[in-house]
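Visitor: just the structure for this:
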Amino acid sequence: MKAEKIARLLPEIFQATVGRGGPLDAFLAAQEALHEPAEAAIAKFAQYLDPRTAPPRFVYMLARWTDLDYLLEGPPATPYFPGGVGRLRELVAAVARNGRERGTERALIRMLETATGCGGFRIEMDDVTPFHFRLIAPYEARDFERLVTRIVEAEKPAFATCDVRFEPEPAGG
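Guide: Numbers count the residues shown, from 1 in each chain. As a prediction, the model looks like this:
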């Protein structure tokens, strides 16, 4: 807020002394300077709410706001995401869509692929045990085993059970 606008909020007796180089002018200049950072942040607020343009530290807050904090590791003051902040941005961006399709095979696989950056997840139904399935993860996703397990436990239908298995290392790899 500019000094002139702040001055208009003062009683008339004070307004009469504005612009004379006195202590009130210094006070108004200080108030203007103090408002600057907050006004700059407010002007960029929409950028903060978009996970693709938000500063990296704010992406973690957006993850908490969208109930993805179960995917974060480390202390609350300095969290990190095993797949990296770029993948976390995409997970936050997809939260509404994934929420609408939650509990479906498509949503689970899409979330796993987004979180790990690995394609090739698949689900196999167990014909012997009702409400049980196997998630077959690509070999490359082994680095994210804990993350894959957390996502499956949180996103699978509550009535279902699941085994997570990783494909064997490709021959010659």
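
Visitor: which neighbouring elements make contact with the helix or strand of the chain with the lowest mean pLDDT?
Guide: Every helix and strand of the chain was ranked by mean pLDDT, DSSP states H and E. The lowest is helix 12-15, at a mean of 80. Applying 3 or more C-beta pairs under 8 Å, 6 or more residues apart in numbering; DSSP states H and E, we find helix 12-15 packed against helix 3-8. For the C-beta atoms, the positions are set from N, CA and C on the backbone; glycine is no exception.

Visitor: so for the helix it packs on, mean pLDDT?
Guide: The pLDDT scores in helix 3-8 average 84.

Visitor: that one: how far from the chain's middle?
Guide: Helix 3-8 sits 39 Å away from the centroid of its parent chain (C-alpha atoms, centre = their mean, to the nearest Å).

Visitor: what does it rub up against?
Guide: With C-beta atoms under 8 Å, 6 or more residues apart in numbering as the test, helix 3-8 has contacts from Phe14, Gln15, Val18, Asp25, Leu28, Ala29, Gln31, Glu32.

Visitor: so how do I select the buried members of these in PyMOL?
Guide: Under the burial definition 16 or more other C-beta atoms under 10 Å, those of the contacts of helix 3-8 that qualify are selected in PyMOL by:
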select buried, resi 18+28+31+32
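
Visitor: who touches the residue positioned nearest the centre of the chain in this structure?
Guide: For the chain, the residue sitting closest to the mean C-alpha position, by C-alpha atoms, centre = their mean, is Ala63 at 3.0 Å. By C-beta under 8 Å, 6+ apart, the residues touching Ala63 are Asp69, Leu71, Leu72, Phe81, Leu88, Leu91, Val92.

Visitor: repeat that for Glu153.
Guide: Glu153 makes contact with Cys162, according to C-beta under 8 Å, 6+ apart.

Visitor: just the element for it, please.
Guide: Using DSSP states H and E, Glu153 maps to helix 145-155.

Visitor: before we move on, back to that, quick one: the helix or strand that contains the residue nearest to the centre of the chain to chain centroid distance?
Guide: Here Ala63 sits within helix 56-65, counting by DSSP H and E. The chain centroid and the centroid of helix 56-65 are separated by 4 Å under C-alpha atoms, centre = their mean.

Visitor: alright, that wraps it up for me.
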